[in-house]
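> dropping a prediction and its sequence here:
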Amino acid sequence: MASTSLQLLGLVLAVLGWVCGALVCAAPLWRVSAFVGGELVIAQVTWEGLWMNCLSQTTGQIQCKTYDSTLALPTSTQAARSLTVLSLMLCLLALLLGVMGAKCTHCMGDANQSSKARLGRLAGVLFIVAALAFLIPISWTAYAIIRDFYDPNVAAPLKRELGPALYLGWGASVLLLLGGALLHVGSSAVEGGKLPIIGRAAKDNPGAAGEAKTQEKSFV
């Protein structure tokens, strides 16, 4: 019962992390314009994401535009796109395997508990790999933003700050890691195919079983 609860809790946390990861991937809030030295116009705020950039004004108007060319983007942005999409696809595969391997489902029948346990452990490992694949672009982008912010050679209008999407991305990675770990632990192998103690003792020592039967007949 406890292992089933761990599986369900791991699946719920992993699904939450997957949803948060999808929001982070689509949100244009990875980089936010920094107000350094009063050289920027405060009436406008620039947002930059993996797929588009937006311009927000104090009047409430927001104008967004997708990037014109993928090949013209920096290599780091292209790698971040690939890793985040790969992470989300791994989460989808892990979710399917996790549902099939959950002890509370009947996808593979109740007789294949060992196979279901292997699927559950594999799903947990995939969630952990997806979390690491998602954590790499988030951490690398944060490092590049902080490095450029404190670099005196970078002009003030080009400096950026950490966007809300990065913080949500770290939270999504933690949820995926915890969910994968709990799912892997909860999917412990079921000990099946073991005979009762009396039966196993009789099988291992047929002579003792014969003597028991003889004594039983003589008593009758």
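Received it, and whenever you're ready, just let me know what you need. Residues are numbered from 1 along each chain as shown.
> for this structure, what spans make up the helices?
All helices of the chain, identified by DSSP state H, fall at 2-26, 75-101, 113-149, 164-186, 197-204, 206-219.
> let's have those helices in JSON lines, adding mean pLDDT and mean neighbour count.
Every residue, glycine included, has its C-beta placed from N, CA and C. Shown next, in JSON lines, are the helices of the chain (pLDDT from 0 to 100; neighbours: other C-beta atoms under 10 Å):
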{"stretch": "helix 2-26", "mean pLDDT": "91", "mean neighbour count": "19"}
{"stretch": "helix 75-101", "mean pLDDT": "93", "mean neighbour count": "18"}
{"stretch": "helix 113-149", "mean pLDDT": "92", "mean neighbour count": "20"}
{"stretch": "helix 164-186", "mean pLDDT": "94", "mean neighbour count": "22"}
{"stretch": "helix 197-204", "mean pLDDT": "44", "mean neighbour count": "11"}
{"stretch": "helix 206-219", "mean pLDDT": "47", "mean neighbour count": "10"}
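> in JSON lines: these, plus distance to residue 55.
What follows is the helices of the chain, written out as JSON lines (distance: least, C-beta to C-beta, whole Å):
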{"stretch": "helix 2-26", "distance to residue 55": "18"}
{"stretch": "helix 75-101", "distance to residue 55": "18"}
{"stretch": "helix 113-149", "distance to residue 55": "19"}
{"stretch": "helix 164-186", "distance to residue 55": "17"}
{"stretch": "helix 197-204", "distance to residue 55": "74"}
{"stretch": "helix 206-219", "distance to residue 55": "85"}
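> of these, which is nearest residue 66?
helix 2-26 (11.5 Å; C-beta to C-beta).
> can you list the helices and strands that that closest one packs against?
The contact analysis (3 or more C-beta pairs under 8 Å, 6 or more residues apart in numbering; DSSP states H and E) places helix 2-26 against helix 75-101, helix 113-149, helix 164-186.
> now the ones you listed in TSV, with distance to residue 58?
Output for these, formatted as TSV (distance: least, C-beta to C-beta, whole Å):
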stretch	distance to residue 58
helix 75-101	28
helix 113-149	23
helix 164-186	18
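> neighbours around residue 63, how many?
Around residue 63 there are 10 other residues, counting by other C-beta atoms under 10 Å.
> again but with residue 64, I slipped
Other residues close to residue 64 by other C-beta under 10 Å number 13.
> tell me the bridge partners for it.
On the basis of DSSP bridges, residue 64 is bridged to residue 54.
> let me see the confidence value for it.
Per-residue pLDDT puts residue 64 at 88.
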